[in-house]
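Undergrad: Show me the folded form of this:
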Amino acid sequence: MTDLAAPAAPTLASVDAAIDALLAAADPATTDAVTFRGLRYDHGLAWVSFPVGFGGLGAAPQHQAHVERRLRAAGAPPADPSLFFLNLAGPTIGTWGTDEQKQRFLRPMYAGAERWCQLFSEPGAGSDFAGLATRAVRDGDEWVVNGQKVWNTLAHLGDWGMLVARTDADQPKHKGLTYFALDMRAAGVDVRPLRQMTGEAEFNEVYLTDVRIPDSCRIGAVGEGWRVSLTTLMNERVSIGSGMGSIPKRGSGPIAEAVRVWQSLDEHARTPAAKDRLLQAWIRAEVLRLTNIRAGSNRRAGNPGPEGSIAKLALSEINKAIYELAVDLLGAAGQVEFDYTFRRSDTLAGESWGDARHGFLRVRANSIEGGTSEILRNILGEQVLGLPGEPRVDKDLPWSKVPRN
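TA: As a prediction, the model looks like this:
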């Protein structure tokens, strides 16, 4: 009789064997990052829960943290922060893409040979993402896209963009969307910087004028863009909430800057009240770090659910509180000696928290990017706590008939 039972998932010993084979093939401390990450993909250690041949081993996702620890101990540097969007595009293409799309995109994405950005928000559709107006019209084997996107992090560095456009204006706003992989070097793509109050321009606005996208770059079915985009959004919130997808060290991140400021103060400035605020902030930061590690280890295979919004919301509020404390500790010195000159970013500002003066301004964006704190509270109320949702009078109306400013 034929045994039809599914093969057992690879054990931790199998994962260790793959790590041993990778380290025998290349020394992470001396091999250039793109080459090493490409080899890591080939050995199934990019996303261990992905299928064999697509950067994974078909293993339990809990083993990913073990892979990160062993490779870091062997000398592998952390991922370039400008590759943050592989944490979003990778699972999206892995879930919804065809085998041909996975073969084309996943390896160069993970290796860092091709960088990705996200093209979701629009001037009239930020928090109401499903209300977007960018249009994609079918023309044979291509789609012609016109519209504007905004707040596109590192789009000036992107080789490819995750684009959602409206393909049927007569459907309700959640149903007439389609998801594409957009070549950022294509004719008609115009990327312009948005200067932030820190002086940096890591954000952009992107104008799309008669941009042609092959249908082979459509991710998921026509009209399924909302469902596909939820995979991106849920992974975005988990990645932001957990520290850009890495395993943060104890006392790292913004709280490290607050502690540094405290240690730089004269003895008379270290008041009991200030010390109490610092200790409370450190405890909150540590609880968030440990919670994220546990959640990441326990998450089942598949895409994260609305619980990822908890970590992202908590991160936003805690970061603001920590940098407010750091600037308060600096006193009048917290108002001077900051460089506001315009500069184009080549990485995510949040990955190098740096000076408290910079962090105080930059973390204002934490409560907006990746979903505003108000939207996250709605998600948690409705999808986690089971509270009734807010009235949505336009939910079933065709998008073309929804009133807009």
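
Undergrad: which SS class is Leu279?
TA: State at Leu279, reduced to three classes by DSSP: H, G, I helix; E, B strand; the rest coil: helix.

Undergrad: Number of residues surrounding it?
TA: Residues lying near Leu279 (other C-beta atoms under 10 Å) number 10. All C-beta spots, glycine's among them, are computed from the backbone N, C-alpha and C.

Undergrad: The one 3 residues further on too?
TA: For Trp282, the count of nearby residues is 18 (other C-beta under 10 Å).

Undergrad: and it, what is it in contact with?
TA: Listed by C-beta atoms under 8 Å, 6 or more residues apart in numbering, the contact set of Trp282 reads Gly251, Ile255, Ala258, Val259.

Undergrad: List buried residues within those residues.
TA: Listed as buried from the contacts of Trp282 are Ile255, Ala258, Val259; burial here means 16 or more other C-beta atoms under 10 Å.

Undergrad: Among the residues you listed, which are located in helices?
TA: Ile255, Ala258, Val259 (DSSP state H).

Undergrad: ok, of these, which one's closest to Leu313?
TA: Using C-beta to C-beta, Ile255 comes nearest to Leu313 of those, at 17.8 Å.

Undergrad: how near is the closest one to Asp210?
TA: 48 Å (C-beta to C-beta, to the nearest Å).

Undergrad: again with Ala256
TA: Counting by C-beta to C-beta - Ala256 and Asp210 are separated by 48 Å.

Undergrad: who has more neighbours, the two?
TA: More crowded of Ala256 and Asp210, by other C-beta under 10 Å: Ala256, with 17 against 10.

Undergrad: With only the CA atoms kept, save stretch 219-237 in PDB.
TA: Taking Å, rounded to 0.1, in the frame of the first residue of the first chain, the C-alpha atoms of stretch 219-237 are listed here in PDB:
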ATOM      1  CA  ILE A 219       1.100  39.400  -8.600                       C
ATOM      2  CA  GLY A 220      -2.100  37.400  -7.900                       C
ATOM      3  CA  ALA A 221      -5.400  37.500  -9.900                       C
ATOM      4  CA  VAL A 222      -6.900  40.600 -11.400                       C
ATOM      5  CA  GLY A 223      -9.100  42.200  -8.800                       C
ATOM      6  CA  GLU A 224      -7.400  40.400  -5.900                       C
ATOM      7  CA  GLY A 225      -5.000  43.300  -5.100                       C
ATOM      8  CA  TRP A 226      -6.600  44.000  -1.700                       C
ATOM      9  CA  ARG A 227      -6.100  40.400  -0.500                       C
ATOM     10  CA  VAL A 228      -2.500  40.400  -1.800                       C
ATOM     11  CA  SER A 229      -1.700  43.700  -0.200                       C
ATOM     12  CA  LEU A 230      -2.900  42.500   3.200                       C
ATOM     13  CA  THR A 231       0.000  40.000   3.100                       C
ATOM     14  CA  THR A 232       2.400  42.900   2.500                       C
ATOM     15  CA  LEU A 233       0.800  45.100   5.200                       C
ATOM     16  CA  MET A 234       0.700  42.400   7.900                       C
ATOM     17  CA  ASN A 235       4.400  41.600   7.300                       C
ATOM     18  CA  GLU A 236       5.200  45.300   7.300                       C
ATOM     19  CA  ARG A 237       3.700  45.800  10.800                       C
END
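
Undergrad: Strands along the stretch 151-300 of the chain, start to end?
TA: Assigned by DSSP state E, counting those that start in this stretch, the strands in the stretch 151-300 of the chain fall at 160-166, 177-183, 189-194, 200-201, 203-214, 218-219.

Undergrad: Which strands and helices lie in contact with the last one?
TA: So the one you mean is strand 218-219. Counting contacts by 3 or more C-beta pairs under 8 Å, 6 or more residues apart in numbering; DSSP states H and E, strand 218-219 packs against helix 86-96, strand 177-183.

Undergrad: roughly how far is the longest one from the heart of the chain?
TA: Think helix 86-96. Helix 86-96 has its C-alpha centroid displaced from the chain centroid by 11 Å (C-alpha atoms, centre = their mean, to the nearest Å).

Undergrad: any idea of the mean pLDDT in it?
TA: Across helix 86-96, pLDDT averages out at 93.

Undergrad: tell me what whichever helix or strand comes after that helix is packed against?
TA: With elements assigned by DSSP states H and E, the helix or strand that comes after helix 86-96 is helix 99-111. In this structure, helix 99-111 makes packing contacts with helix 33-42, helix 86-96, judged by 3+ C-beta pairs under 8 Å, 6+ apart.

Undergrad: pretty sure Ala269 is touching Leu329, no?
TA: Yes. Contact criterion C-beta atoms under 8 Å: Ala269 and Leu329 qualify, at 7.5 Å.

Undergrad: who has more neighbours, those two?
TA: Neighbour totals were compared for Ala269 and Leu329, and Leu329 leads with 21 against 12 (other C-beta under 10 Å).

Undergrad: Name all residues that make contact with the more buried one.
TA: By C-beta under 8 Å, 6+ apart, Leu329 lies in contact with Ala258, Val261, Trp262, Leu265, Ala269, Ala274, Leu278, Ala356.

Undergrad: Among the helices and strands packed on strand 218-219, which comes closest to Glu286?
TA: With C-beta to C-beta as the measure, helix 86-96 is the member of the helices and strands packed on strand 218-219 nearest Glu286 (23.1 Å).

Undergrad: tell me the angle of the closest one relative to helix 33-42?
TA: 30 degrees (axes from the mean of the first three to the mean of the last three C-alpha atoms, to 10 degrees).

Undergrad: who's in contact with helix 86-96?
TA: Contacts for helix 86-96 (C-beta under 8 Å, 6+ apart): 46-47, 50, 54-55, 79, 101-102, 105-106, 109-110, 116, 118, 160, 162, 179, 181, 219-220, 224, 228, 231-232, 235-236, 239, 244-245, 303.

Undergrad: Thanks a lot, catch you later.
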